[in-house]
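1. I'll drop the sequence and a predicted model, then ask my questions.
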Amino acid sequence: MSIIKRGTQVPARWRLLACGLLLMASASLPARADDGIVDVHALPKLQGAFEDNSRPDPHRVQYGVPTIVAVTTAAAQKMLSADGWVPYVRPLDEANTGLAFKKGRQGLSVSFTQGLGRPDQSSVTYTPNRIYSNVPFPESAIDLVFDETRPYLGCIAPATLEATQDFYAREMAAIGWRKLTPATAASWPNADLTVSVPNGVRAFYDHPDGDSTQFYQQKPVMLTLTRRDDGRTNVDIRIAPFALPTNLEAEDMSGLPAPKPYKSAGSRGDARSNRRELTVAALADLPAVLAFYHREFAARGWTEEGNAPPAPGDEVALKFSSPEETGVLRLGRKYDFTMVRLTAQVKEAVLAARAKAKKDADDKFMQDADAMVKQVIAADEVRRKAQAATLSDTPLQAQAGSNTPVPLPENAEGLKFEGSDGQLEFSSASSVKALTAFYRAALKPAGWKEQPSVINQPNMAVMEFSKGGKSISMTVMQMGPKVNVRADGTGLVMAAAKPVEAKSAESRPAQAKSTEPLKPDPDSALPVPMQRSSSGVSSTKFPGSDQSFRTELEASIPAELSDVLAFYRVELTKRGWQEKADGATVTAERAELAFTSPDGPAMLKLGRVRDETTVSLVQRNPQAAIKADIMPRAGQAKVILGNIGPKEASLTINNQTVKIAAGAGGPQSPKGPMLDLPPGKYQYALRVAGRPARNETLTATAGDAWGLLVGPDGDVLPLQMY
């Protein structure tokens with residue numbers, strides 16, 4: 001075995017081997033117990049205790065006792081005090097129903113709860129609490145307030161000032177505190193160790209070894225002892241003033257500045273509130289906190305306006321104001337905290353201006369909403385009248401060869417007949433008037449008796465027939481350019497019959513020729529010829545907004561389709577619109593052209609109805625839609641829901657049920673719920689309390705945005721918004 005002489009340089013590989021052996025040796029030693037953590041399982045328990053061992057925990061004990069919480073709390077404090085544990089209260093935690101104890105450098109938290117379902121029993125929980133900043137408690141001291149993390153200690157010692165001074169000189173040194181001298185305090189430039197205390201003494205200590213866990217460096221503390229009139233001594237230990245921060249950071253709470261660091265802080269209100277409040281327990285001296293607020297007020301443009309009447313506990317009370325608010329800052333001291341209370345109240349003139357602005361905005365919203373509804377209704381009326389003009393009032397003949405229980409008019413289209421269920425439906429190019437006359441004339445000779453109905457309008461009629469205990473109910477309603485006939489009842493029940501193929505309508509008359517060149521109407525938002533039989537322009541936007549998402553022109557023009565097409569190509573080009581060649585369709589009967597306009601994409605559709613050319617010109621504004629957050633996702637459609645009725649509504653569509661609160665989409669809530677749907681045809685059901693459910697159909701096309709607005713009477717108004 002080779003021997004290395006003392007002083008000889010050891011090779012690196014040997015040093016590594018030695019380190020490895022040292023680590024192996026140290027790993028084999030048992031871990032040293034943590035002297036700062038109490039073994040809660042070794043603590044005494046109250047008489048009659050029954051421990052809960054369902055969830056074993058080395059750092060927690062829970063047991064029950066057959067007494068109420070108040071009795072249990074008093075008994076536990078008495079028992080643990082007899083075992084050497086000293087109870088204390090944490091600063092600002094006086095209302096806590098639990099107990100905190102200290103014994104040497106160990107801490108203990110005890111909590112109490114009522115037994116589950118047993119108000120006559122209590123549950124007691126022991127949890128260790130590490131004392132990070134340990135200072136001595138005088139024996140038999142009372143009114144102990146202690147924070148184990150800074151530290152802070154306030155209490156009344158029963159001994160004289162001299163005896164208490166001796167106690168702390170001895171006990172502080174015993175647990176590692178060193179009394180500061182001008183030499184040892186040199187690292188703290190602002191340290192003043194000469195400050196005298198009336199009727200008392202003061203000393204400063206540091207802890208060179210840090211806190212009891214060696215986790216952080218303990219700040220110096222200031223011990224102050226004062227003589228009381230009753231011979232006892234007031235004790236106060238806190239972080240030395242020269243070790244506290246002086247340039248405090250700001251944290252925004254409800255728009256108000258809060259100084260950091262702090263023990264606790266809370267606020268109420270926000271930028272929209274009439275009153276805002278901030279309360280802070282700052283870990284800094286009062287002059288530093290006051291300097292902080294001088295700085296923050298100036299940075300925010302707030303003006304200090306002198307002293308305010310002080311409240312109990314105030315050492316500083318300042319008034320301040322901003323253009324919209326007045327406020328008061330109050331500063332005081334409690335324990336080792338600077339207590340902050342900052343209030344800001346909106347000025348009466350500003351409140352009045354806000355109320356007026358809100359009322360004006362609400363009024364404008366309702367005016368815009370009313371105008372929008374009227375515009376939609378008016379546009380729908382124009383559309384309905386234009387479509388009704390294409391329907392024929394010519395008397396109808398019965399269709400030959402029909403096997404339905406009731407005759408069909410000669411121009412019936414899209415026939416659906418379910419004989420087993422007694423249901424019949426078809427559409428026709430004849431008017432409501434012609435179809436009701438046809439069925440009255442056909443059914444009366446067959447013995448069917450008509451019951452009076454209150455619904456007998458040019459665009460809708462309901463007829464009720466009965467015969468020999470059987471009934472037939474018919475609804476004849478204009479649906480766009482066609483009239484829908486729907487019938488059901490026992491008078492239509494029969495063995496399943498093969499549906500009859502509807503005959504095509506008669507060919508329409510030859511196109512009319514314009515007698516003069518088409519001239520644009522200078523007052524129209526979108527181009528339309530002066531020579532027209534009907535027209536209407538509608539736009540969609542959120543009430544209160546000036547930007548439209550979608551503008552649509554519908555018109556009927558007594559001119560040939562080719563002339564109308566030529567008119568629009570000229571007029572739209574004048575407005576900076578560019579026609580897209582892709583996807584254009586032009587025939588003698590219809591035309592469909594896409595354009596790019598300065599505001600966004602547009603579409604022109606032309607058709608023929610009887611002797612006129614129909615026009616549908618739609619211009620979209622994608623920037624306005626994006627700004628309003630209604631732009632559909634790529635390849636999908638969007639549905640925006642609103643409810644200006646007095647009751648909550650629910651709408652079920654695409655297996656989703658959405659609740660629409662009363663007022664959603666109104667002044668207080670401009671945006672209602674929104675849904676994204678794949679393109680398709682959807683049945684939806686609307687339910688409002690106290691009204692029957694309404695079932696309707698919505699056809700959603702990719703890139704479209706539809707609004708479904710619930711009205712005051714529970715009806716749904718569909719509106720294409722984009």
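-> Good, I have the coordinates.
2. all contacts plus neighbour counts: C-alpha atoms, from now on.
-> Noted.
3. got the CA coordinates for the top strand by length along the chain in CSV?
-> Identified as the longest strand of the chain according to DSSP state E is strand 118-130. Extracted in CSV, the C-alpha atoms of strand 118-130 (Å, rounded to 0.1, in the frame of the first residue of the first chain):
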residue,chain,number,x,y,z
ARG,A,118,-73.0,16.4,15.7
PRO,A,119,-73.2,20.0,17.2
ASP,A,120,-72.4,18.4,20.6
GLN,A,121,-69.0,17.2,19.4
SER,A,122,-65.8,18.9,18.2
SER,A,123,-62.9,18.1,15.9
VAL,A,124,-59.4,19.2,16.9
THR,A,125,-56.5,19.4,14.5
TYR,A,126,-52.8,19.9,15.4
THR,A,127,-50.5,21.2,12.7
PRO,A,128,-46.8,22.2,13.2
ASN,A,129,-45.9,25.8,12.5
ARG,A,130,-42.3,26.7,11.8
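4. show me what it is packed up against.
-> Where contact means 3 or more Cα pairs under 8 Å, 6 or more residues apart in numbering; DSSP states H and E, strand 118-130 is packed against strand 61-65, helix 69-82, strand 106-115.
5. any regions of the stretch 501-650 of the chain where pLDDT drops low?
-> 501-515, 542-546 (pLDDT under 70).
6. what segments of it are helices?
-> For the stretch 501-650 of the chain, the helices defined by DSSP state H, counting those that start in this stretch occupy 561-574, 622-627.
7. go on, the stretch 151-300 of the chain?
-> Counting by DSSP H, counting those that start in this stretch, the stretch 151-300 of the chain has helices at residues 161-174, 286-299.
8. turn those into a markdown table, columns for mean neighbour count and distance to residue 63.
-> Below are the helices of the stretch 151-300 of the chain laid out as a markdown table (neighbours: other Cα atoms under 10 Å; distance: least, Cα to Cα, whole Å):
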| stretch | mean neighbour count | distance to residue 63 |
| --- | --- | --- |
| helix 161-174 | 16 | 36 |
| helix 286-299 | 16 | 45 |
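9. okay, the ones you listed in JSON lines with distance to residue 571 and mean pLDDT next?
-> JSON lines is the format used below for these (distance: least, Cα to Cα, whole Å; pLDDT from 0 to 100):
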{"stretch": "helix 161-174", "distance to residue 571": "96", "mean pLDDT": "96"}
{"stretch": "helix 286-299", "distance to residue 571": "58", "mean pLDDT": "96"}
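10. out of those helices, flag the one nearest residue 703.
-> helix 286-299 (48.5 Å; Cα to Cα).
11. contacts for that closest one, please.
-> Identification of contacts with helix 286-299 by Cα atoms under 8 Å, 6 or more residues apart in numbering yields 245-248, 257, 259, 282, 303-304, 331-333, 338.
12. okay, the helices of the stretch 151-300 of the chain in a markdown table with distance to residue 711 next?
-> As requested, the helices of the stretch 151-300 of the chain are exported to a markdown table (distance: least, Cα to Cα, whole Å):
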| stretch | distance to residue 711 |
| --- | --- |
| helix 161-174 | 79 |
| helix 286-299 | 50 |
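13. tell me which of those helices lies nearest to residue 424.
-> Comparing these by Cα to Cα, helix 286-299 comes nearest, at 77.6 Å.
14. all strands of the stretch 251-400 of the chain, in order?
-> For the stretch 251-400 of the chain, applying DSSP state E, counting those that start in this stretch gives strands covering 256-260, 262-268, 275-282, 303-307, 316-321, 325-334, 337-346.
15. out of those strands, which gets nearest to residue 49?
-> Nearest to residue 49, of the strands of the stretch 251-400 of the chain and by Cα to Cα, is strand 262-268 at 36.8 Å.
16. picking that back up, deepest in the core, which of the helices and strands packed on strand 118-130 is it.
-> Ranked by mean neighbour count under mean count of other Cα atoms under 10 Å, the helices and strands packed on strand 118-130 are led by strand 61-65, which reaches a mean of 21.
17. residues making contact with that one?
-> Outside strand 61-65, the residues touching it (Cα under 8 Å, 6+ apart) are 40-41, 46-52, 72, 115, 121-127.
18. report the buried members of the residues you listed.
-> Neighbour-count burial (16 or more other Cα atoms under 10 Å) applied to these gives 40, 46, 72, 115, 121, 122, 123, 124, 125, 126, 127.
19. contact partners for the fourth one?
-> Under the criterion of Cα under 8 Å, 6+ apart, the neighbours of residue 115 are 64, 121, 122, 123.
20. possible to save those residues as CSV with pLDDT?
-> CSV is the format used below for those (pLDDT from 0 to 100):
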residue, pLDDT
64, 93
121, 91
122, 93
123, 93
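21. the top helix by length along the chain - what's its average pLDDT?
-> Counting residues, the longest helix found in the chain (DSSP state H) is helix 348-389. When pLDDT is averaged along helix 348-389, the result is 77.
22. what of stretch 49-58?
-> The model assigns stretch 49-58 a mean pLDDT of 83.
23. cool, and stretch 440-459?
-> Stretch 440-459 shows a mean pLDDT of 88.
24. contacts for that stretch, please.
-> With Cα under 8 Å, 6+ apart as the test, stretch 440-459 has contacts from 406-407, 432-433, 461-467, 477-478.
25. ok, 6 Å please
-> Residues outside stretch 440-459 that contact it (Cα atoms under 6 Å, 6 or more residues apart in numbering) are 461, 462, 464, 465, 466, 467, 477, 478.
26. try stretch 460-470
-> 448-451, 455, 471-477, 490-491.
27. which ones among those residues lie within helices?
-> Nothing among those maps onto helices, per DSSP H.
28. most neighbours, which of those residues?
-> Within those, neighbour counts (other Cα atoms under 10 Å) peak at residue 476, which reaches 26 neighbours.
29. so where does the nearest residue to that residue once chain neighbours are set aside fall, helix or strand?
-> Excluding its sequence neighbours, the residue lying closest to residue 476 (Cα to Cα, 6 or more residues apart in numbering) is residue 485, at 4.6 Å. For residue 485, the host element (DSSP states H and E) is strand 482-488.
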